[in-house]
Structure formats: C-alpha cells, structure tokens
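A.B. asks: Structure here, sequence nowhere to be found:
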Ligand SMILES: [Zn+2]
C-alpha cells in the first residue's frame, strides 16, 4: 500500500503538476497577450481611418481614380458621358476612300457621288490645264508633293486677280480662319525651305507656313476644304460659324509664297485642297486621272 502511495505521489510530482503548471502558464500568457494586443488593435484601426480620410481630403484620390468617384455619383456620371454622346451625334460616319492592296486610296464613283455637294470656290473657274498645278504634282523646292489645286490667271477659264473673291465650296462650318496673320520675311522663308530640302518630306508646320493665310471649312462626313495664300479673310466670320455654298470667305492673294514674302502682289492664286481623313482628293492618281476626278467633283 505504501509502495502504491509513493508511486501515485511520484506520478503527481513528475507528470500532473508540471502539466497543470504549464497549462496555467500558457493561459496566463494568453490572457496577458490579449490584454496587450487588444488596446493596440483599435489604435491601429483608428489610425488607418484617420490616414484614409486625410488622403481623401488631399483630393489625390479624385485625380487618380475618377472612375470610382463617378460610379456612385449620377451627376458626374452624366457629365462624363454627355460629351461622348454629343460628339457621336455631331460626327456621323466619316467619308473615307477605300484602300487597295498597296494601301493607296481608291477614288470610286460612289465616293465622287457623295462629294457632289462641293462646287468651285471661284465663280466659273475650271480645273487647271497645267499638270504642275494639280494635286499630286511634285514640289522639288520643298522636297514634297502638292496637296491641292491651284487657280492661276490664264489656266482656269477666268481671270485671277489679287483681291478677287473666294467662296465656300459647300455648306459647312468654319474650322479655321486666320484673322491674325503675319507674313514671313524672305530670309525666314528661305530658312524653312532649306529645312524642308534637308528632310525627306515637308513637315506639316512648314507646309502650314507655306500655305500662308488660310480658311478651312469642315463639311458633312468630316470632309475638309482648305483655302490658301489668301490676301484677306472675311471679318464677320469666326471659327464655328456655319457657312453656305457661295458664302464670301476671303480674297485671292499670294501670302506664304516667295512674292508674298517680298511684299509684292505678283502671281496671285488660290490654292484649294479637299481632304477626306488623311487623304487629299486624288492622292496617288496620275495627272489626267486627278484632273478628271476633280472635274467630276467640282464642275
Ligand atoms: Zn498650290
């Protein structure tokens, strides 16, 4: 019996007591940890809220995530989508030439028929008899290509004089009108021509200066007409104004040309362009083909 008591005491001392002690220690540790962590947790959470609201107040989030901001806000949703709808309403399908296998525009009869609303910008004028005055003619002096049709005295069926009226070639809206214009002097013009000579093609900014004082009109289907080398533009016409066929928009001059730079009134002519997207009317055609196409559209 005594032996059994000793054995039980041994078990109690060496097995149960340490287990109970360890359990109690663990429990105490857990309780201490819970008390330690608990006050920290809400502090961290509050801190996060504080930081977030501070972040929102800076306005950064509105700039970085406009989509998130507009999703739940019907007013801004309306503002976001209104211009898109208006743009689509004002811009129906663009009139563009189809392209052949080599990527060149095809000037098909159906396209010509749709350009029927255009007419000559000069009363009674015909398409030039000179190939060098047609769209597509090479322009060696600026290492480029002529993108429009020239109306010069003696080649287009009517007299062309400095100050003669230029009319809108079709109904449309004024897209550009150079009320403010200053002519390049001869040396500045020489400089940009030298730049063009050294490049493979005439850059658009140089081409724009060489066209002188201009009016651009945007017509149905995005078709654009450009009137260049003008002497004057109509005082009473502004960007966005609607114009009808035959509306006086300016007068013939020689701005942007060598004579314009020299300050004389020699060689006045109208340079007239028709654009369908990135293609000028007749792009890629031979001179007889271009002449025929332009006659069909304007005459
Ligand atoms: Zn020209």
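C.D. replies: Structure received. All values reported here derive from a predicted model rather than from experimental measurement. Numbering: from 1, shown residues only.

A.B. asks: Residue 262 touches residue 187, doesn't it?
C.D. replies: No. Under the criterion of C-beta atoms under 8 Å, residue 262 makes no contact with residue 187, lying 11.1 Å away. For the C-beta atoms, the positions are set from N, CA and C on the backbone; glycine is no exception.

A.B. asks: Now list whatever residues contact both of these two.
C.D. replies: Common neighbours of residue 262 and residue 187 (criterion: C-beta atoms under 8 Å, 6 or more residues apart in numbering): none identified.

A.B. asks: In terms of neighbours, single out the busier of these two.
C.D. replies: residue 262 (13 against 8; other C-beta atoms under 10 Å).

A.B. asks: residues in contact with the nearest residue to that one once chain neighbours are set aside?
C.D. replies: Of all residues not flanking residue 262 in the chain, residue 186 sits nearest, at 5.8 Å (C-beta to C-beta, 6 or more residues apart in numbering). Contact analysis of residue 186 by C-beta under 8 Å, 6+ apart lists 258, 261, 262.

A.B. asks: what separates residue 186 from the ion, distance-wise?
C.D. replies: 19 Å (C-beta to the ion, to the nearest Å).

A.B. asks: Over to residue 235?
C.D. replies: 25 Å.

A.B. asks: Likewise for residue 207?
C.D. replies: Going from residue 207 to the ion by C-beta to the ion gives 11 Å.

A.B. asks: same thing with residue 218?
C.D. replies: Taking C-beta to the ion, one finds residue 218 at 21 Å from the ion.

A.B. asks: Same check on residue 151?
C.D. replies: 9 Å.

A.B. asks: Which stretches in the chain count as strands?
C.D. replies: Using DSSP state E, the strands of the chain run over 98-99, 105-106, 138-139, 144-145, 149-152, 165-167, 172-177, 215-218, 224-228, 230-233, 242-243, 248-252, 269-276, 279-280.

A.B. asks: Would you point out which residue of the chain is nearest the ion?
C.D. replies: Closest approach between the chain and the ion, counting by C-beta to the ion: residue 271, at 3.4 Å.

A.B. asks: wait, what's in contact with residue 136?
C.D. replies: 145, 146, 282, 283, 284, 285, 287, 290.

A.B. asks: My guess is residue 178 contacts residue 209. True?
C.D. replies: No. Using C-beta under 8 Å, residue 178 is not in contact with residue 209, being 11.4 Å away.

A.B. asks: Give me every residue in the stretch 151-299 of the chain lying close to the ion.
C.D. replies: Selection of the stretch 151-299 of the chain residues close to the ion by C-beta under 5 Å from the ion yields residue 271.

A.B. asks: same deal with the stretch 1-150 of the chain?
C.D. replies: Residues of the stretch 1-150 of the chain lying near the ion (C-beta under 5 Å from the ion): residue 150.

A.B. asks: Pull up the gap between the nearest residue to residue 235 once chain neighbours are set aside and residue 272, please.
C.D. replies: Closest residue to residue 235 apart from its sequence neighbours, by C-beta to C-beta, 6+ apart: residue 179 at 7.7 Å. Distance, residue 179 to residue 272, by C-beta to C-beta, to the nearest Å: 20 Å.

A.B. asks: which residues in the stretch 51-200 of the chain form helices?
C.D. replies: Secondary structure of the stretch 51-200 of the chain (DSSP state H, counting those that start in this stretch): helices at 60-64, 66-71, 74-90, 109-114, 186-198.

A.B. asks: Give me the contact list for the fourth one.
C.D. replies: With C-beta under 8 Å, 6+ apart as the contact definition, helix 109-114 has outside contacts at 95, 97, 221, 276, 293, 296, 297.

A.B. asks: Restricted to buried residues, select those residues in PyMOL.
C.D. replies: Only the buried entries of the contacts of helix 109-114 go into this PyMOL selection, using 16 or more other C-beta atoms under 10 Å:
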select buried, resi 97+221+276+293+297
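
A.B. asks: mind showing which ranges of the stretch 151-299 of the chain have poor pLDDT?
C.D. replies: The stretch 151-299 of the chain contains no residues with pLDDT under 70.

A.B. asks: Outline the domain layout of the protein.
C.D. replies: Domain ranges of the chain: 2-87, 98-298, per automatic domain parsing.

A.B. asks: what's the most buried one of those domains?
C.D. replies: With neighbours defined by mean count of other C-beta atoms under 10 Å, none of the domains of the chain is more surrounded on average than domain 98-298, at a mean of 17.
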